[in-house]
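Asker: Coordinates for the following, if possible.
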Amino acid sequence: MTPLGDLSGRHVLVTGASSGIGRATAATAASLGARVTLSGRDGGRLSETLARLDGHGHRIAAFDLSDVDSIPGWVKLQAAEAGPIDGLAHCAGVQIGKPVRSVDQAFFDTILHANLLSALALARGLRQKGCHAERAALVLVSSVAAEIGQPGNVVYSAAKGGLVSATRGLAMEFLRDGIRVNCVAPAMVETEMMERFRQTTTVEQFEAIRAAHPMGFGKPEDVASAIAFLLSDAARWINGVTLPVDGGYLAK
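Answerer: Model (predicted):
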C-alpha cells in the first residue's frame with residue numbers, strides 16, 4: 001500500500017513559498033517525496049526555502065502574481081520545464097485591515113487581485129492541456145475570516161469568502177479534467193504576516209485574539225500538513241470542500 005499522504009515523484013507547485021505557510025507547505029511536500037517548484041516574488045528568500053528542502057529535483061520559479069493575465073502562460077512554462085503538475089498549492093496572499101469607510105478602488109483591487117483573482121488565474125492555467133497530470137489537485141488557502149464578522153477586515157474577508165465559493169465551483173467545473181479542488185481555512189498562524197498584524201494592535205487587543213483561539217495560535221506546519229493531505233491520493237474522494245485548520249476557533 002502507498003503510505004498515507006505520500007507524494008513521491010509528484011510535481012508540486014507552491015506559491016508564496018518564500019515564507020510562512022507557503023514555505024512550510026513546500027518543506028512538507030518535499031519531505032513526502034514531491035519535486036517542488038517554489039514560487040514567490042523574492043528570489044533570495046526562495047533560495048532560503050530551497051536550502052531547507054529534503055530530496056532532489058526542486059526548483060525556483062520567481063514570479064509576481066499581480067501580473068494576472070500572464071499567469072496561465074507562466075503555469076504552462078512550469079509544466080513544460082518540470083513536467084505536468086500533480087499538485088498546486090496557492091499559499092500567496094495579502095492581509096491588510098481597513099474600515100469600509102476608508103476603502104477606495106485601489107485598496108479593493110489590491111486585496112481582490114492578491115487573494116482571489118490570482119487563484120482563478122492559476123486554476124485557469126492548471127486546466128490547460130499538458131499542464132496537469134491525469135489526476136491532479138489544486139488547494140487554495142482561505143481563512144476563518146470568511147466565516148466570521150470582523151470590523152476593519154471586510155474586504156479581506158470578502159476575498160477569502162470568494163475563495164470558498166470558487167472552490168466549490170471549480171471542483172465541479174474541473175471534474176472532467178481530473179483535477180480536484182479543495183481549500184483550507186486557517187485561523188491565526190504564527191507567521192510574518194501575523195507579526196505585522198500584531199504591530200497594528202494594542203497588547204490588550206492582541207491578547208483578546210489569542211484568547212479566542214482555544215488551542216492557541218497555529219504553526220505554519222499545521223496548515224501545511226492539511227494542504228499536503230488534500231494534494232495526496234489519501235484525499236482522492238474529497239472534492240469541493242473547505243477544511244478549517246483553526247485549533248477549534250470556529251467551534252467555540
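Asker: can you list the weak-confidence ranges in this protein?
Answerer: Within the chain, the segments meeting pLDDT under 70 span 1-3.
Asker: Can you mark which positions in the helix ranked longest in it are buried?
Answerer: What stands out as the longest helix in the chain, according to DSSP state H, is helix 154-173. Under the neighbour-count criterion of 16 or more other C-beta atoms under 10 Å, helix 154-173 has 154-164, 166-168, 170-171 buried. Yep, even glycine has a C-beta here, placed from its N, CA and C like the rest.
Asker: hey, C-alpha coordinates of that helix in PDB?
Answerer: Extracted in PDB, the C-alpha atoms of helix 154-173 (Å, rounded to 0.1, in the frame of the first residue of the first chain):
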ATOM      1  CA  VAL A 154     -14.400  43.300   5.400                       C
ATOM      2  CA  VAL A 155     -12.600  43.400   2.100                       C
ATOM      3  CA  TYR A 156     -10.100  40.700   3.100                       C
ATOM      4  CA  SER A 157     -13.000  38.500   4.400                       C
ATOM      5  CA  ALA A 158     -14.900  39.000   1.200                       C
ATOM      6  CA  ALA A 159     -11.900  37.900  -0.900                       C
ATOM      7  CA  LYS A 160     -11.400  34.800   1.300                       C
ATOM      8  CA  GLY A 161     -15.100  34.100   1.200                       C
ATOM      9  CA  GLY A 162     -14.800  34.300  -2.600                       C
ATOM     10  CA  LEU A 163     -12.200  31.500  -2.500                       C
ATOM     11  CA  VAL A 164     -14.600  29.300  -0.600                       C
ATOM     12  CA  SER A 165     -17.300  29.800  -3.300                       C
ATOM     13  CA  ALA A 166     -14.700  29.400  -6.100                       C
ATOM     14  CA  THR A 167     -13.500  26.100  -4.600                       C
ATOM     15  CA  ARG A 168     -17.000  24.600  -5.000                       C
ATOM     16  CA  GLY A 169     -17.500  25.900  -8.500                       C
ATOM     17  CA  LEU A 170     -14.000  24.900  -9.700                       C
ATOM     18  CA  ALA A 171     -14.400  21.400  -8.200                       C
ATOM     19  CA  MET A 172     -17.400  20.800 -10.400                       C
ATOM     20  CA  GLU A 173     -16.100  22.500 -13.500                       C
END
